[in-house]
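K.L.:
Sequence and predicted structure are below.
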There are 2 protein chains.
Amino acid sequence: MNSDHLVLEPLTAEAFAPFGEVIQRQGVTPESINYGRTQKFADLARIETAEEGGETSVHLYRSQAVTLPFLIERLERHSLGSQAFMPLHQQPFPVIVAPPGGDPEVQAIRGFITNGEQGINLHKGVWHHYQVSLAGICDYLVIDRKGPHNNCEEWVLDQALMIPAP
Amino acid sequence: MNSDHLVLEPLTAEAFAPFGEVIQRQGVTPESINYGRTQKFADLARIETAEEGGETSVHLYRSQAVTLPFLIERLERHSLGSQAFMPLHQQPFPVIVAPPGGDPEVQAIRGFITNGEQGINLHKGVWHHYQVSLAGICDYLVIDRKGPHNNCEEWVLDQALMIPAP
């Protein structure tokens, strides 16, 4: 990685495992339900919302695309709960993450790009950039925690990382 | 309603309120987040999964369409948890429900049709038909409960109700 560039890698379950789950059918053996009419790809995300009296909450996000090159200037984390993003569109979107723990190492920041169908679930405490879209107006279903106590911390990079134009 | 026909009504938040929520942007005032790039339509569904040691679980359903006319022969309910269906496609789909409680009255069964964008969340214990699609192969994100104890009961109608061909 160039010191100030972040190269986006194709998102795979294996590469993303330290950060959470990829919500996708690929690699999952379905059950047949509903009298054979439905394939169920079961239990694809570890939803962590119960800590400190929390509950699961569901939102719709409608996002405007950013223009590349785009500068990654800060990350955030939710120490009390997971956060899942399921696209309601077919546009690849970037997922910028760093391992949970104390302040991230810039060298540990990873950038992934979805295949257009994939959703993601970020485990509790995983550092991440706010959700970014690359094309038009993009809708997402978001599943996270509601409940008492502050659940968002922010960390500002000393030097911004750039997602370059293609 | 003809005694053996079920007419599908347009799905609205008001009409669906006895059964759960419609997951949609319509009628919700968004918050602006992500430095103005995202409109957040917050907390759109009452996710009930914690009873009896339960947790929230997320699935993908891939469903084949049924052909109309289609016979409604049985309903089911999940007394320990809610169940949400968010379409990952733009095809209207039917939602067949009856109020929670004991065995449903046939006269109390309601049929709705989504507008192609709407998702739904069924409250705990609401009687419903299994998820039905009307066009091609349809994918859904499903949010429900995993945990101990049986969470599915079925009720068979004495006389089937028909969703007629358009």
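P.N.:
That came through fine.
K.L.:
Low-confidence stretches in chain A?
P.N.:
A:1-3 (pLDDT under 70).
K.L.:
Contacts only, for the residue positioned nearest the centre of it.
P.N.:
In chain A, the centroid-proximal residue (C-alpha atoms, centre = their mean) is A:Ile120; its distance is 4.8 Å. By C-beta atoms under 8 Å, 6 or more residues apart in numbering or on different chains, A:Ile120 lies in contact with A:11, A:16, A:20-23, A:84-85, A:95, A:114. Quick note: C-beta positions are derived from backbone N, CA and C, even for glycine.
K.L.:
which stretches of chain A form strands?
P.N.:
For chain A, applying DSSP state E gives strands covering A:8-10, A:20-23, A:31-33, A:38-41, A:55-64, A:70-77, A:83-87, A:94-98, A:110-113, A:119-122, A:127-128, A:137-146, A:153-163.
K.L.:
And the first one, what's buried?
P.N.:
Meaning strand A:8-10. A:Leu8 (16 or more other C-beta atoms under 10 Å in any protein chain shown).
K.L.:
That one packs against which elements?
P.N.:
Contacts defined by 3 or more C-beta pairs under 8 Å, 6 or more residues apart in numbering or on different chains; DSSP states H and E place strand A:8-10 against strand A:110-113.
K.L.:
Neighbouring strands of the strand it packs on in the sheet, and parallel or not?
P.N.:
Applying DSSP bridges, strand A:110-113 is found paired with strand A:8-10 (parallel), strand A:94-98 (antiparallel).
K.L.:
And for that strand, what's in contact with it?
P.N.:
Strand A:110-113 has contacts (C-beta under 8 Å, 6+ apart) with A:6-11, A:15-16, A:19, A:72, A:92-98, A:163.
K.L.:
Check the burial of A:Ser57 by counting its neighbours.
P.N.:
If you count neighbours by other C-beta atoms under 10 Å in any protein chain shown, A:Ser57 ends up with 19.
K.L.:
which residues sit in contact with A:Ser82?
P.N.:
Contacts of A:Ser82 (C-beta under 8 Å, 6+ apart): A:20, A:45-49, A:121-124, A:143-145.
K.L.:
neighbour-wise, which of those leads?
P.N.:
A:Ile143 (28 neighbours).
K.L.:
just checking, that residue touches A:Thr56?
P.N.:
Yes - between A:Ile143 and A:Thr56 there is a contact under C-beta atoms under 8 Å: 6.5 Å.
K.L.:
Quick check: neighbours shared by these two?
P.N.:
Common neighbours of A:Ile143 and A:Thr56 (C-beta under 8 Å, 6+ apart) are A:47, B:56, B:143.
K.L.:
Is it correct that the first one is in contact with A:Ile143?
P.N.:
Yes - shown here, A:Ile47 and A:Ile143 form a contact pair, counting by C-beta under 8 Å, at 6.3 Å.
K.L.:
which neighbours do those two share?
P.N.:
The contact lists of A:Ile47 and A:Ile143 share A:56, A:82, A:84, A:121, B:56, B:58, where a contact means C-beta under 8 Å, 6+ apart.
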